[in-house]
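> I need the structure of the sequence given here:
(2 chains)
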Amino acid sequence: MFDIVGKRLWFFLLSGLLIVISIVALVVFGLEPGIDFASGSITTLAFEQEVSLGELEQELATLGYTGEDEQNPHGDFLIRTVRLTTSEKAQMKASLTEKFGTLTEKAFEDVDPVIAGETARIAGIAVGVAAVGILLYITWAFHRMPRPFLYGFCAVVALLHDVILVLGVFSILGAVMGWEINLMFITGVLAVIGYSVNNTVVVFDRIRENLHRGISANFAVVVNSSLVETLSRSLNTSLTTLFVILALMLFVGVSIQNFAVVLLVGIVAGTYSSLFIAPHLLVAWEKGR
Amino acid sequence: MIRGRTWVLLIIIVIFAFALWVLLPIEGDRFGRKGIQFGLDLEGGVRLVYQADLSQVEPGTESEVIDGVIAVIANRINPLGVTEPNIEKRGENQIVVEIPQLSITDVQRERIGRTALLEFRELVAVEVESEEEPPVEQGGEGEEEPPVEQEGEGEEEPAVVMEWVPATGLINGQEKVLTSSYFKSNTYVARDEFGAIELIFEWNEEGAILSEQITGRLVGRPLGIFEGDEPLLDENDRPVAPTVQAVIIDRGRITGLSLNEATELSKQLNAGRLPVPLESIGGQEVDPTLGADFVELSIKAGLIGIALVMLFMIFYYRLPGVVASLALIFYGTLVLALFKLIPVTLTLAGIGGFVLSIGMAVDANVLIFERMKEEFRTGQTLGATIEAGFDRAWTAIRDSNVTTFIVCLVLYWVGNSIAFGGSVKGFALTLFIGVAVSMFTAIVVTRTLLRLFVGTDLARRTSIFTTVSGRK
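Below you'll find the model as predicted:
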């Protein structure tokens, strides 16, 4: 049988390194907040004539609007600005029509700082509430075990590990490619939390069962065989989930990209942490006592 | 026992047939539900969030005033020809306006958020060619629609054109329009001694002066109530224009309304009494053409996702994989049927949640099949393997799915608490339904189908049940 538990220091080291990189990235770059969290407007315009992103940004800059703009697969332009009033928007459209010809407004999103602040606050609370809820549930589910709280605690550490890695990746993507975090991002992060714990619970469940069966007096051995036994299940479930996320990314494209990448990173991190972090924390705790 | 299982199989088939019947054809009417509802991001539409400034409103009446403002906004949206606008109060002082499948112009958008002020108007003849008096309405308002015509062109010969113009009076020599701002207090609905509905109103000092002059010259004629150029409408979408019965000075009543109409009108009048400026604090407008192909793209993504998952399951788990694939088809049909029945409004995120749940749906199967493999290694029969595999996998399936449910609940709360949370709520709902149904399909459907093989010749050919021989 593979000795996974014996190599736990290496796993901790790798995770520690990634977490340090993530935190450094977060401190240095921060996260690029989208209008959901920072307020502002996004106007989606379609031009009849061929217009390049560069030309458009240049023209917008002369109008006093500087912001990351992008083009969606339809060829429509998403123009990010400060909050626009109806008349400011009409003016901007008029100026752009003058320069580039006929245009149609495909979509307009507008978020006030009040809503943005509220959204950010609730997103923060949500991550906290989810973590506490999961902690409580796992503690309850393992209440027959010695130290049930420890199981909940380790699962939550593993999920925080995943969340930090996702944030780190987005901090880097934000700095390099201008990716923003929006509501879809938060939705993705919460889905990752659920997913990560889902995996961890399967491993813990096997540890619970193997302890009951008394397969070994040595806790590390019990954890190791539990891991080996659940390894193919963990990998298979992650694989099937990755398949569908890849399908989403490839076929639906930009609009759901943010969300899909959160899940992609989160599921890889979540699979890793449920196999190589959470159970080993249990062992480390037992050894340390 | 066998009998019991046959029943379960029958029930599964019935559920599947029922789900198929509900789902297909998609546009077919099932229990009053047609098609699958799509959210604003896919179907297009408008969502506007306003914050009402209630500083000039008497404390304690804020909630009534907001209701009135909502009634006024509803009246503004009416002429846009929308079937199902949704206008809701959010928190203390916010109003959310949702109009699906509509794109509005900047002018229309501006109009929706204007401060409510109702104006009283009278019918006058313009382009007078003859001396004819305006038609006098008998028998209270609402009996017949007063002739409202905005333009006189297109008529064969020049005739009298009746037009609603603001009803004005003179105060200290100045011409003023009678508006809802002259109400002394909130209007209210009461019943007279015979039990008939009446709407009671009271003018303030200036209002009384104007009212005396205006109603004085309008006895027997209608007085229309307008918001901008749009008349307020009654239950039958006819303009509200009570006939003046007598000169009204400081206090009057409107009779002949139904209770609903009176309550609605009272709310609207009250909302226009004190200025309640609305500040737009957020908006989302999507052109219906923008989201259209996302639906198609996500269906494609979903189908390809399902196909990949099935291929993997069959390749890796052989016959149980085939069974799991059947269960997955059952799963997809049942979930989509539920989306149609409940109904769940699908947003892009919601579709994401559904597609994600496809990947996770096989998780319970994977857990069970892995258990079965382990049992096979100990040399058990197929029947024992199936039962042991399911029983032992149960706690893991339960505990891991409950944690997903917790996350769904939190997401649903998030979606409900924030102004633009529709997509988050959609995701939470689709993921929740997905995971719940997947537990059922894995535990009941897969198990029942697998049991069909127990006792058949196939059951002895263990190679088709697992790729793993007794390696340990």
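> tell me the residues of the stretch 51-200 of chain A that contact chain B?
Within the stretch 51-200 of chain A, the residues that sit near chain B (Cβ under 8 Å from any Cβ of the partner chain) are A:74, A:76, A:86, A:89-90, A:104-112, A:114-115, A:118-119, A:122-123, A:126, A:129-130, A:133-134, A:137-138, A:141, A:183-184, A:186-187, A:190-191, A:193-195, A:197-199. For glycine as for every other residue, the C-beta is placed from the backbone atoms N, C-alpha and C.
> can you flag the buried ones in the residues you listed?
Buried by 16 or more other Cβ atoms under 10 Å in any protein chain shown: A:76, A:86, A:89-90, A:105-112, A:114-115, A:118-119, A:122-123, A:126, A:129-130, A:133-134, A:137-138, A:141, A:183-184, A:186-187, A:190-191, A:193-195, A:197-199, out of these.
> now the helices: where do they sit in chain A?
Under the criterion DSSP state H, chain A contains helices at A:8-29, A:35-38, A:53-62, A:86-100, A:113-141, A:148-177, A:183-213, A:219-252, A:254-276, A:278-288.
> then the stretch 151-300 of chain B?
Assigned by DSSP state H, counting those that start in this stretch, the helices in the stretch 151-300 of chain B fall at B:205-218, B:259-271, B:288-341.
> and the last one, what does it pack onto?
Spelled out, that is helix B:288-341. Packing partners of helix B:288-341 (3 or more Cβ pairs under 8 Å, 6 or more residues apart in numbering or on different chains; DSSP states H and E): strand A:103-111, helix A:219-252, helix B:2-23, helix B:40-43, helix B:348-377, helix B:422-440, helix B:447-451.
> just put those in a markdown table and tack on distance to B:Arg121.
Shown next, in a markdown table, are the helices and strands packed on helix B:288-341 (distance: least, Cβ to Cβ, whole Å):
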| stretch | distance to B:Arg121 |
| --- | --- |
| strand A:103-111 | 34 |
| helix A:219-252 | 52 |
| helix B:2-23 | 51 |
| helix B:40-43 | 36 |
| helix B:348-377 | 46 |
| helix B:422-440 | 39 |
| helix B:447-451 | 71 |
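> now the helix or strand of chain A at the bottom of the mean pLDDT ranking: how far from the chain's centre is it?
Within chain A, no helix or strand scores below strand A:70-71, which has a mean of 80 by mean pLDDT, DSSP states H and E. The chain centre lies 22 Å from the centre of strand A:70-71; the measure is Cα atoms, centre = their mean, to the nearest Å.
> partner strands of that strand and their direction?
For strand A:70-71, the paired strands and their directions (DSSP bridges) read strand A:77-81 (antiparallel).
> now do the contacts for the residue nearest to the spatial centre of chain B.
By Cα atoms, centre = their mean, chain B has its centre lying nearest to B:Asn86, at 5.9 Å. For B:Asn86, the contacting residues are B:96-100, by Cβ atoms under 8 Å, 6 or more residues apart in numbering or on different chains.
> was I right about B:Val177 contacting B:Val165?
No - using Cβ atoms under 8 Å, B:Val177 is not in contact with B:Val165; the gap is 9.6 Å.
> more neighbours: those two, which one.
The neighbour count for B:Val177 versus B:Val165, taken as other Cβ atoms under 10 Å in any protein chain shown, is higher for B:Val177 (17 against 14).
> chain neighbours aside, what residue packs nearest to A:Gln49?
A:Gly101 (4.5 Å; Cβ to Cβ, 6 or more residues apart in numbering or on different chains).
> residues contacting that neighbour?
Contacts of A:Gly101 (Cβ under 8 Å, 6+ apart): A:47-49.
> from A:Thr81, how far out is the residue lying farthest from the centre of chain A?
Distance from the centre of chain A peaks at A:Glu98, with 41.5 Å (Cα atoms, centre = their mean). Distance, A:Glu98 to A:Thr81, using Cβ to Cβ, to the nearest Å: 18 Å.
> for B:Glu88, same thing?
Counting by Cβ to Cβ - B:Glu88 and A:Thr81 are separated by 28 Å.
> neighbour count: those two, which is higher?
Neighbours per residue (other Cβ under 10 Å) separate B:Glu88 from A:Thr81, with A:Thr81 holding more: 21 against 10.
> on that earlier part again, can I get the contacts of B:Asn86 in JSON lines including pLDDT and distance to A:Gly270?
Shown next, in JSON lines, are these (pLDDT from 0 to 100; distance: Cβ to Cβ, whole Å):
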{"residue": "B:Val96", "pLDDT": "87", "distance to A:Gly270": "35"}
{"residue": "B:Val97", "pLDDT": "86", "distance to A:Gly270": "39"}
{"residue": "B:Glu98", "pLDDT": "84", "distance to A:Gly270": "35"}
{"residue": "B:Ile99", "pLDDT": "83", "distance to A:Gly270": "40"}
{"residue": "B:Pro100", "pLDDT": "80", "distance to A:Gly270": "36"}
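> the residues you listed: which two are farthest apart?
The largest separation in these, counting by Cβ to Cβ, is between B:Val96 and B:Pro100 at 13.1 Å.
> what pairs with the residue nearest to the centre of chain B across the strands?
Taking DSSP bridges as the rule, B:Asn86 bridges to B:Glu98.
> and for B:Leu233?
Legend: beta-bridge partners of B:Leu233 under DSSP bridges are B:Pro239.
> tell me the spacing between it and B:Glu119.
To B:Glu119, B:Leu233 is 15 Å away according to Cβ to Cβ.
> ok, A:Leu136 next?
Using Cβ to Cβ, A:Leu136 is found at 58 Å from B:Glu119.
> and the two? Which one has more around it.
Higher neighbour count among A:Leu136 and B:Glu119: B:Glu119, with 19 against 13, using other Cβ under 10 Å.
> okay, now the domains of chain A?
According to automatic domain parsing, chain A comprises the domains A:5-35+A:114-288, A:40-111.
> which of the ones you listed is buried the deepest?
Per-stretch averages of neighbours, counted by mean count of other Cβ atoms under 10 Å in any protein chain shown, single out domain A:5-35+A:114-288 among those, with a mean of 20.
> what's the end-to-end length of it?
14 Å (Cα to Cα, to the nearest Å).
> equivalent analysis for stretch B:36-48, please.
Stretch B:36-48 has an end-to-end distance of 24 Å (criterion: Cα to Cα).
> okay, now B:Glu235: neighbour count?
Neighbouring residues of B:Glu235 were enumerated by other Cβ under 10 Å; the total is 12.
> excluding chain neighbours, what is closest to it?
Leaving out its chain neighbours, the residue that sits closest to B:Glu235 by Cβ to Cβ, 6+ apart is B:Glu261, at 5.6 Å.
> you'd agree the one you found is up against B:Asn236?
No - applying Cβ under 8 Å, one finds B:Glu261 not in contact with B:Asn236, separated by 9.4 Å.
> who has more neighbours out of these two?
Taking other Cβ under 10 Å, B:Glu261 and B:Asn236 do not tie; B:Glu261 has more neighbours (21 against 8).
> can you pull the contacts of that one?
B:Glu261 makes contact with B:234-235, B:240, according to Cβ under 8 Å, 6+ apart.
> tell me who's in contact with the nearest residue to B:Ala361 once chain neighbours are set aside.
In space, and not counting its chain neighbours, B:Ala361 is closest to B:Ser438: 3.6 Å by Cβ to Cβ, 6+ apart. Neighbouring residues of B:Ser438 by Cβ under 8 Å, 6+ apart: B:331, B:357, B:360-364.
> include distance to A:Leu17 when you put the residues you listed into CSV, please.
Listed next are those as CSV, based on distance: Cβ to Cβ, whole Å:
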residue, distance to A:Leu17
B:Tyr331, 40
B:Ser357, 33
B:Met360, 30
B:Ala361, 35
B:Val362, 33
B:Asp363, 30
B:Ala364, 35
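> which single one of those residues is nearest to A:Ile19?
Nearest to A:Ile19 among the contacts of B:Ser438, counting by Cβ to Cβ, is B:Met360 at 26.1 Å.
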